[in-house]
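# Could you work out the structure for the sequence below:
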Amino acid sequence: MKLEMQSKNKTHGKSTQSFLRLSEIKNDTVVLDNGCLRAVLAVSSTNFDLKSQDEQNAIIFNFQRFLNSLEFPVQVLMQSRKMEISGYVEKLKNLAEKQTNELLRVQTLEYIEFINRLIENASIMNKNFYVVVPLDESIFPQAAGFVSRVFGGGKAKEVKQRIENFEKYKEKLDNRVASVAANLSSIGLRGERLKTEAVIQLFYNSYNFDAAPALNVDKLKDMDIAKE
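Predicted structure coming up:
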């Protein structure tokens, strides 16, 4: 009984990271536990319903052409999070404090109050879209041979081979990412590859919805995809 309880406690004590099929995240690239690579593109959105009939038909046609052009599978990910506007509200408060016109100051404060009531009474969600681009070629070298294991040097050679494979296969993945981004632009969508820090934050947000703030693409370095 005692051993059984210890086993159960150990299971419950596992971190989220222990359940992820990840080896590492580096150079804007996800390395899975089997050595295969993944890249993540943050993609802008478009309001399809506000388009004219001709524009909608063009989007559908270009999306179909995009799918037909793919020579490898991709994953489309949508993440819905409660909209984070605390920074926006704080900026409005600072503007109100600096406002010399009393009427404009009062109107700004009333607008802030309206925004706060709106957020409290309505569940306003922010949707982020991503495309995951894969390369299913493992960077892990094959197991070292018997001679290497006996006489040493196998570990160093394995590490060197892994680094060389990463650089070689990452170049292939980069070409795929560039191709996907170019094809998305034909639909009128902008795609930008997530940097290493942003990929880590995306994984953290995905498994910590209550604790983590929504990924703010406007603040990601070298990105400009959220503007219509």
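
# Which positions within the top strand by length along the chain qualify as buried?
Longest strand in the chain, counting residues (DSSP state E): strand 125-135. Under the neighbour-count criterion of 16 or more other C-beta atoms under 10 Å, strand 125-135 has Asn126, Asn128, Phe129, Tyr130, Val131, Val133, Pro134, Leu135 buried. Quick note: C-beta positions are derived from backbone N, CA and C, even for glycine.

# Which of the residues you listed sits closest to Lys51?
Top of the list for closeness to Lys51, among these and by C-beta to C-beta, is Phe129 at 17.1 Å.

# just the helices in this structure please.
Here the chain has its helices, by DSSP state H, at 2-12, 53-69, 86-98, 102-121, 146-151, 154-185, 196-207.

# OK, contacts around the closest residue to Arg176 other than its chain neighbours?
In this structure, Arg176 finds its nearest non-sequential neighbour in Val133, 5.2 Å apart by C-beta to C-beta, 6 or more residues apart in numbering. Val133 makes contacts with Arg38, Ala39, Val40, Leu41, Phe72, Val74, Leu173, Arg176, Val177, Val180, as judged by C-beta atoms under 8 Å, 6 or more residues apart in numbering.

# Next, work out how far apart Val133 and Phe66 are.
13 Å (C-beta to C-beta, to the nearest Å).

# Ok, which of the helices of the chain comes nearest Arg21?
For these, the distance to Arg21 is smallest for helix 196-207, at 11.2 Å, taking C-beta to C-beta.

# between that closest one and strand 125-135, how many degrees?
Helix 196-207 runs at 120 degrees relative to strand 125-135, counting by axes from the mean of the first three to the mean of the last three C-alpha atoms, to 10 degrees.

# Mind checking the pLDDT average for helix 196-207?
Mean pLDDT, helix 196-207: 87.

# How far away from the center of its chain is it?
Remark: helix 196-207 is offset 6 Å from the chain centroid, using C-alpha atoms, centre = their mean, to the nearest Å.

# cool, stretch 113-129 as well?
Its chain's C-alpha centre and that of stretch 113-129 lie 22 Å apart, by C-alpha atoms, centre = their mean.

# what's in contact with it?
So stretch 113-129 is in contact with 42-45, 76-85, 88-89, 92, 214-215, 217, going by C-beta under 8 Å, 6+ apart.

# in it, what counts as buried?
Buried residues in stretch 113-129, counted by 16+ other C-beta under 10 Å: Ile119, Asn126, Asn128, Phe129.

# so can I have JSON lines of those showing pLDDT and distance to Leu103?
Compiled in JSON lines, those are given as follows (pLDDT from 0 to 100; distance: C-beta to C-beta, whole Å):
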{"residue": "Ile119", "pLDDT": "76", "distance to Leu103": "25"}
{"residue": "Asn126", "pLDDT": "77", "distance to Leu103": "32"}
{"residue": "Asn128", "pLDDT": "88", "distance to Leu103": "38"}
{"residue": "Phe129", "pLDDT": "92", "distance to Leu103": "41"}
